[in-house]
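**Q** Here's a sequence, model it:
(2 chains)
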2 protein chains.
Amino acid sequence: MRVYNFSAGPSMLPLEVLEEAQKGFVDYNNSGMSVTEMSHRSSFYDEIHNECIALFRELLNIGDDYDVLLVQGGASTQFEAVPLNLLHNKADYIVTGNFSKKAYKEAKKFGDIALAGSSEDKNFTYIPKGDALNFREGADYVHFTSNNTIFGTRFTSVPKTDAPLVCDMSSNILSEVINVNDYGLIYAGAQKNVAPAGVTIVIVRKDLIESPNPLCPTMLKYKTQADANSLYNTPPCFSIYMAMLNLRHLKKLGGVAEIQKINEYKAGLLYDFIDNSSFYTNAVVKEDRSLMNVPFVTGDSELDKKFVKEAASHGIQSIKGHKLVGGMRASIYNAMPVEGVKALIEFMKKFELENK
Amino acid sequence: MRVYNFSAGPSMLPLEVLEEAQKGFVDYNNSGMSVTEMSHRSSFYDEIHNECIALFRELLNIGDDYDVLLVQGGASTQFEAVPLNLLHNKADYIVTGNFSKKAYKEAKKFGDIALAGSSEDKNFTYIPKGDALNFREGADYVHFTSNNTIFGTRFTSVPKTDAPLVCDMSSNILSEVINVNDYGLIYAGAQKNVAPAGVTIVIVRKDLIESPNPLCPTMLKYKTQADANSLYNTPPCFSIYMAMLNLRHLKKLGGVAEIQKINEYKAGLLYDFIDNSSFYTNAVVKEDRSLMNVPFVTGDSELDKKFVKEAASHGIQSIKGHKLVGGMRASIYNAMPVEGVKALIEFMKKFELENK
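**A** Prediction:
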């Protein structure tokens, strides 16, 4: 039986995508080879690679003034690649969770980095906006994390600043419509909405990557992969293939605008249920709630443990909250079906009845 | 029809390994999930991860004084990670091909790096040994590449020096018995003998990684992943899973000593045929010939092109030589069956008869 996997990442992929990859796993398109075995210089792989990049461009409406790079090392590697490529004088960081804090700390090793704003005062349960943000004039960039996986918050609009925006979009890329032109750079680990772990997407304005720090390792230079169409060395071919299949699937569904409607519907079901319940609570300020990650608690840590354990035996997998928050967290990325959210709510009702 | 894929990498994987991965691709071990979807913090994945590391330790007889790390970015990233972690004063490099030259160039950005020896004078057709190597006293390490994929050479014994040896073993790890204790650090991209591209193995003596360069990015620090059992951030889970299946398969075959015999037999068949032919030649000094990569030419570049083209229609894939050498190259890694080498020789005979 296929379970509903509420993991924060790696996370569910559409069943159709998995089944197609399975069908061709040993022999891809009558090539006599598995995608896992193909030379990255072969015409077979070349088509996969270029289709993946073209689909990113199409689905996110990315202009020719941006490079689309497929790199390795996860978003954590980007915490360092960003300042090593883009920092010349100073940059400002907005800290709204664990990962944006890590990005801020890493960047400080490389130059003049200031905190533009933080929501740590209230355990990251809101998004600082307006007067709560202080941007310095002449900053090379402003860094923020659009969706906070652990705390379940998101930016519903981009911060207002003249500096290029750099955004870690790991946990909500392709989940809602964005205007790429609002950003100088977007990066995202694949393992939530795109593909199996192993590939990281970087979308970057071409003019920003011309003068990296002289100490930037060649493999972390965006220019290295931009000049080589992300084939400077062997790419993580199979993850890119899976991304390509998943993007094809998203296109067939109707693209990002269509999945956004479904995501809003799914999140709406769950938040409405929690808000109408006297048993479960979600601590996030309503207007800043994530569409992707919904943390909730019963208020009793023993009951929370029981919930996680019993949920697993009802086909509800990896619902345990992050240790920084406790309780439960339902990650409901693009590939989580509506039925999965409904099944979770049914289980929540049952558990409430039995334990109230 | 399954082809014989002679690609230099990514390259063939054992059919049994591919079939097992295919079988469980959508539902791994009745978990209700694909390995591509699993949380890297789940018990399902944890078992895979730890079995992979344990099998490396067992098959290569790695002692407790070494860490076994699973990282991202390919060997090219290691060209920089090595000096950023191990270089304090100076290091010596042996240049025997394209990749060792790249490693040498990258390292020069970080300190006092000298050329201990090179075979570039004869287009990398031999391995410099003995008096041809000059090591400096007090070097932090000596770097070499055990097998040169493009030129088809290999070290048949380790260079003699007091400094810790650092070896890029990307194209022959697990193909022949080594004594890990001869090395300070071994690294290898997975996509030749281990797994699909996306994971890089680092085997490193624990005492060498305690004081990285202060400018070393956190994600390139060996200590970061050593302290976290390679789970500091999301690892390339599926590549690691495939590595685990492949290592299980190698163990069942009888381990590295057993595959070495098969590799020697396969390479012997091909070199003997070439040496007894007046039509094909291999330029490498006999004693330095690779067991993994066998470059050969007809001496006529038009005929070489014809060979590559006709070979493909006989189920012999990716036999084209690297542009730095031209002609043909048969990469015959662990997963290339004896029948594949025999099929290649049969085709070579036929082609010779028709074109002599």
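**Q** Now do the helices in chain A.
**A** Applying DSSP state H to chain A gives helices spanning A:15-23, A:43-59, A:74-86, A:98-107, A:222-227, A:237-253, A:256-275, A:301-312, A:338-355.
**Q** Out of these, the one nearest residue B:186 is which?
**A** helix A:74-86 (22.3 Å; CB to CB). Quick note: C-beta positions are derived from backbone N, CA and C, even for glycine.
**Q** by how many degrees do that closest one and helix A:98-107 diverge?
**A** Between helix A:74-86 and helix A:98-107, the angle formed by their directions is 40 degrees, by axes from the mean of the first three to the mean of the last three CA atoms, to 10 degrees.
**Q** can helix A:74-86 be found next to chain B?
**A** Yes - counting by CB under 8 Å from any CB of the partner chain, chain B has neighbours in helix A:74-86: A:74-77, A:79-80, A:84.
**Q** want to try a markdown table for those, with pLDDT, neighbour count and distance to residue A:280 as columns?
**A** A markdown table is the format used below for the residues of helix A:74-86 next to chain B (pLDDT from 0 to 100; neighbours: other CB atoms under 10 Å in any protein chain shown; distance: CB to CB, whole Å):
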| residue | pLDDT | neighbour count | distance to residue A:280 |
| --- | --- | --- | --- |
| A:74 | 97 | 25 | 32 |
| A:75 | 98 | 24 | 30 |
| A:76 | 98 | 24 | 32 |
| A:77 | 98 | 25 | 36 |
| A:79 | 98 | 26 | 34 |
| A:80 | 97 | 23 | 39 |
| A:84 | 97 | 24 | 43 |
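**Q** Which of these sits closest to residue A:157?
**A** Comparing those against residue A:157 with CB to CB places residue A:75 closest, at 21.8 Å.
**Q** who are the neighbours in contact with the closest one?
**A** Contact analysis of residue A:75 by CB atoms under 8 Å, 6 or more residues apart in numbering or on different chains lists A:99, A:168, A:170, A:187-189, A:200, B:233.
**Q** one more time with 10 Å, if that's ok
**A** A:81, A:99, A:102-103, A:145, A:168-171, A:187-191, A:200-201, B:233-234 (CB atoms under 10 Å, 6 or more residues apart in numbering or on different chains).
**Q** And residue A:125, by the same measure?
**A** Counting by CB under 10 Å, 6+ apart, the residues that residue A:125 touches are A:96, A:119, A:148, A:151-153, A:282-285, A:288-289, A:295, A:325.
**Q** Run through the bridge partners of the nearest residue to residue A:308 once chain neighbours are set aside.
**A** Take residue A:308 and drop its neighbours on the chain: the residue closest to it by CB to CB, 6 or more residues apart in numbering or on different chains is residue A:320, 4.6 Å away. Assessed by DSSP bridges, residue A:320 has beta-bridge partners residue A:328.
**Q** quick one: residue A:320 and residue A:296 touch, right?
**A** No - using CB atoms under 10 Å, residue A:320 is not in contact with residue A:296, being 11.8 Å away.
**Q** who touches both of these two?
**A** Counting by CB under 10 Å, 6+ apart, the residues touching both residue A:320 and residue A:296 are A:304, A:307, A:327-329.
**Q** Redo those as JSON lines? Include neighbour count.
**A** Rendered in JSON lines, the data for the shared contacts of residue A:320 and residue A:296 read as follows (neighbours: other CB atoms under 10 Å in any protein chain shown):
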{"residue": "A:304", "neighbour count": "19"}
{"residue": "A:307", "neighbour count": "25"}
{"residue": "A:327", "neighbour count": "24"}
{"residue": "A:328", "neighbour count": "24"}
{"residue": "A:329", "neighbour count": "25"}
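**Q** of all those residues, which comes closest to chain B?
**A** Chain B lies nearest to residue A:329 out of the shared contacts of residue A:320 and residue A:296, by CB to the nearest CB, at 11.4 Å.
**Q** does the closest one really touch residue A:284, like I thought?
**A** No - counting by CB under 10 Å, residue A:329 stays clear of residue A:284, with 11.4 Å between them.
**Q** what's the burial count for residue A:30?
**A** Residues near residue A:30, counting by other CB atoms under 10 Å in any protein chain shown, number 8.
**Q** and it, how far is that from residue A:44?
**A** Remark: distance between residue A:30 and residue A:44 (CB to CB, to the nearest Å) = 10 Å.
**Q** do residue A:102 as well
**A** In terms of CB to CB, residue A:102 sits 38 Å off from residue A:44.
**Q** which residues do residue A:329 and residue A:284 both contact?
**A** Taking CB under 10 Å, 6+ apart as the contact rule, residue A:329 and residue A:284 both touch A:151-152, A:290, A:293-296.
**Q** Would you reformat these as JSON lines and include neighbour count and pLDDT?
**A** Output for the shared contacts of residue A:329 and residue A:284, formatted as JSON lines (neighbours: other CB atoms under 10 Å in any protein chain shown; pLDDT from 0 to 100):
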{"residue": "A:151", "neighbour count": "26", "pLDDT": "96"}
{"residue": "A:152", "neighbour count": "30", "pLDDT": "98"}
{"residue": "A:290", "neighbour count": "27", "pLDDT": "98"}
{"residue": "A:293", "neighbour count": "29", "pLDDT": "98"}
{"residue": "A:294", "neighbour count": "23", "pLDDT": "98"}
{"residue": "A:295", "neighbour count": "29", "pLDDT": "98"}
{"residue": "A:296", "neighbour count": "26", "pLDDT": "98"}
